[in-house]
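>>> From the sequence below, what's the structure:
(2 chains)
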Amino acid sequence: MVQTKNQVNQDTQTIEPQYSSTQVQMAVDVAGLHMKNPVTDAAGTFAAGREYSQFVSLEKLGAVTTKSVASEPWEGNVPPRIAEIDSGCINCIGVQNPGMKALRAGDLAWLETQNVPIILSVAGHSVDEYKGVVEYMNDDDKINAFEINISCPNISTGGMSLGTDPNEAGKCIRAVRDLTNKTLIVKLTPNVTDITVIAKACVDAGADALSLINSPKGMVIDAYTRKPKLSRVEGGMSGPAVKPIALRDVWETHKAVDVPLIGIGGIRSGIDAVEFMLAGATAVAVGSANFVNPHATLDVIEGIKQYCIDQGVSDVNDLIGGLIC
Amino acid sequence: MTEEKRPKLVNEVALLVDNRNVGGSWHVATLHAPRIARTCLPGQFVHLRIPGMTEHMLRRPFTIFDADTTRGDIDFLYGIQGFGTDHLSKLEPGAAFECEGPTGNGWSVPEDIKSALLVGDGTGTAALYLLAKQLIKNDVKVHLVMGGRTKHTIMDTARKFDDLLDGPVDVCTTNGTFGFSGDCTERAGDLLKDHSFDYIACSGPRAITSKVADLAKQANTPCQVWLGSHMGCGVGACLGCVTDTTRGRVRVCVDGPIFDAEEVIW
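Residues are numbered from 1 along each chain as shown, chains lettered A, B, ... in the order given. Here you go, the predicted model:
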């Protein structure tokens, strides 16, 4: 019996998640990144945590993954940048970010006071730009891991163009690997014929862990205006609509490489997260579910714990790769 | 209003109290959301998770039209535009929403003004009601120009403003069925030829707000505009709702939705 997760405080009518105290060993280790539970946020949906800290105590999360940051400020794409799709949304934000110096002086400095492991997501138009961010941020001891975003579908150079070619991906990862001893995570795109080819190239180049998936490409059209709904015509899809794609990519990658995986794609409940862990993920990231439910990350943590209690699982690590087939 | 001074953002369970048709496809919904009702500022909005919309997952932003601090209720005005608003129009009292708010910056009226011209188009006019209330309380003379397609659609809403302003609002209908025949920007343009105001506020589609911004510039009058946008998170994290300004590409949800007309890059 799953307990009611969100109870209404009768005095204030404000939603306050109420969680059980039963013990399940929830900690996981993502290649040296120690997480007290397997849940982080998906880069780009949570900024650097400040906005969602109005709803969530960030220290309860396994880690906070920042929005991708580049060496210089990026304006991103012109609006409209977001539209709804059946069971999800589609965006063409284009990694608007203030640049590494402004992030470090502002929201990153704030996040570092929140007592939570930090995964810094890194964007670039070229290998040199990725190197520039890692080099600049590497001396920051409060950053526990870098996530190299070679998979954004919404920028014209760098991003996904690196992440769809195993040679280019390998060169990029090797170059940043040489600069850091922090946990190096590479975020993969599903927009390839065989994701395991890129996964292997990244692991061979020194990646400690992989996160997947970034958003699959799609497009939406307004029949009445006969125009695309996004300024860039195409965008990246997220939400429950993409979960089966993500699960399959995690499963295939789990069979192909021997590094921890962070599963991403349409996770909005503990059961969704458990499915990713059974497919081989060590941890999971919650993305656009945050838009709908600002407590989604906490609900996922509690949902995983409740599943473990119900199923007699004492250690969440026992779920990893436990798919029976 | 700077972010530090704004009321605390909450995610409140809000029960639907009333959901009535007020003409054409326009509806006014009343939600019991006491924490938001008692703290919200004119021009702020709520970001609603509408029950029964599992496959249409994004929340929808709705401007707070009116707030009853005694009852703890908020009203919002909406027209049926797509799946979400059509579904919303069919919900009965008792339906439970997750209501995030109050969100956004609200209007920033210059101090010591004596007169204000408010220009609203369509359901966007809702963003002007609490502003008008505040201005009247501060003894500012308010002239409201309200535009819509037909008399049938807008009269109920216009009457609510009539009661507040203690005199008729300046109604414009594009089909000529009531008041000034034409859109609200034409009427505002005519007014500004003969009258001067200390402040202009405009809310409606971008085609309307940009024209009023032009008129205000010609009249050398401070002007603020409400800008609508599709939104993702509604808390400032996803950067889905940005607009270009002289400050750069900023978020409509938390850096707006109210902007000084002069800073908007149209």
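
>>> Give me the domain ranges for chain B.
The record's domain split for chain B, according to automatic domain parsing, is B:3-103, B:115-226.

>>> Quick one: mean pLDDT for the longest one?
On average, the pLDDT along domain B:115-226 is 96.

>>> likewise the shortest one?
Over the span of domain B:3-103, the pLDDT mean works out to 96.

>>> Just checking the distance from it to the centre of its chain.
13 Å (Cα atoms, centre = their mean, to the nearest Å).

>>> anything in that domain near chain A?
Yes. Judged by Cβ under 8 Å from any Cβ of the partner chain, domain B:3-103 comes into contact with chain A at B:8-14, B:33-35, B:49, B:54-59, B:98, B:100. The C-beta positions use only the backbone N, C-alpha and C, and glycine is treated the same way.

>>> Give me the distance between A:N293 and chain B.
Counting by Cβ to the nearest Cβ, to the nearest Å, the gap from A:N293 to chain B is 7 Å.

>>> contacting residues for that residue?
A:268, A:299, B:49, B:98 (Cβ atoms under 8 Å, 6 or more residues apart in numbering or on different chains).

>>> For it, give me phi and psi.
Per-residue torsions, A:N293: phi -130, psi 100 (degrees, to the nearest 10).

>>> For the stretch 51-200 of chain A, which residue gets nearest to chain B?
Across the stretch 51-200 of chain A, no residue is closer to chain B than A:I82, which sits at 3.4 Å (Cβ to the nearest Cβ).

>>> would you list every one of the strands in the stretch 51-200 of chain B?
Applying DSSP state E, counting those that start in this stretch to the stretch 51-200 of chain B gives strands spanning B:60-63, B:66-68, B:73-79, B:96-103, B:115-121, B:141-148, B:170-173, B:180-181, B:199-203.

>>> what packs against the first one?
Contact partners of strand B:60-63 among helices and strands, from 3 or more Cβ pairs under 8 Å, 6 or more residues apart in numbering or on different chains; DSSP states H and E: strand B:45-49, strand B:73-79, helix B:83-89.

>>> Out of these, which is the most enclosed?
Of the helices and strands packed on strand B:60-63, the one with the most neighbours on average (mean count of other Cβ atoms under 10 Å in any protein chain shown) is strand B:45-49, at a mean of 25.

>>> For it, list the C-alpha coordinates in PDB.
Output of strand B:45-49 as PDB, limited to C-alpha atoms (Å, rounded to 0.1, in the frame of the first residue of the first chain):
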ATOM      1  CA  PHE B  45      -0.800  35.500 -12.100                       C
ATOM      2  CA  VAL B  46      -1.300  31.900 -11.000                       C
ATOM      3  CA  HIS B  47       0.100  28.900 -12.700                       C
ATOM      4  CA  LEU B  48      -2.600  26.200 -12.600                       C
ATOM      5  CA  ARG B  49      -2.400  22.500 -12.800                       C
END
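
>>> Which neighbouring elements make contact with it?
By 3+ Cβ pairs under 8 Å, 6+ apart, strand B:45-49 packs against strand B:60-63, strand B:96-103.

>>> What's the local residue count around A:I245?
Residue neighbour count, defined by other Cβ atoms under 10 Å in any protein chain shown, stands at 17 for A:I245.

>>> Okay, helices next: where are they in the chain?
You didn't say which chain, so I picked chain A. Using DSSP state H, the helices of chain A run over residues A:100-105, A:107-111, A:127-137, A:160-163, A:166-177, A:195-204, A:243-256, A:270-278, A:289-292, A:296-311.

>>> oops, chain B please
B:34-37, B:83-89, B:129-137, B:151-165, B:184-194, B:206-218, B:252-255.

>>> Flag every buried residue along the longest one.
This points to helix B:151-165. Residues of helix B:151-165 classed as buried by neighbour count (16 or more other Cβ atoms under 10 Å in any protein chain shown): B:151, B:153-158, B:160-161, B:164-165.

>>> could the strands of the stretch 51-200 of chain B go into a markdown table alongside distance to B:F45?
Formatted as a markdown table, those follow (distance: least, Cβ to Cβ, whole Å):
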| stretch | distance to B:F45 |
| --- | --- |
| strand B:60-63 | 5 |
| strand B:66-68 | 12 |
| strand B:73-79 | 8 |
| strand B:96-103 | 5 |
| strand B:115-121 | 15 |
| strand B:141-148 | 19 |
| strand B:170-173 | 24 |
| strand B:180-181 | 28 |
| strand B:199-203 | 11 |
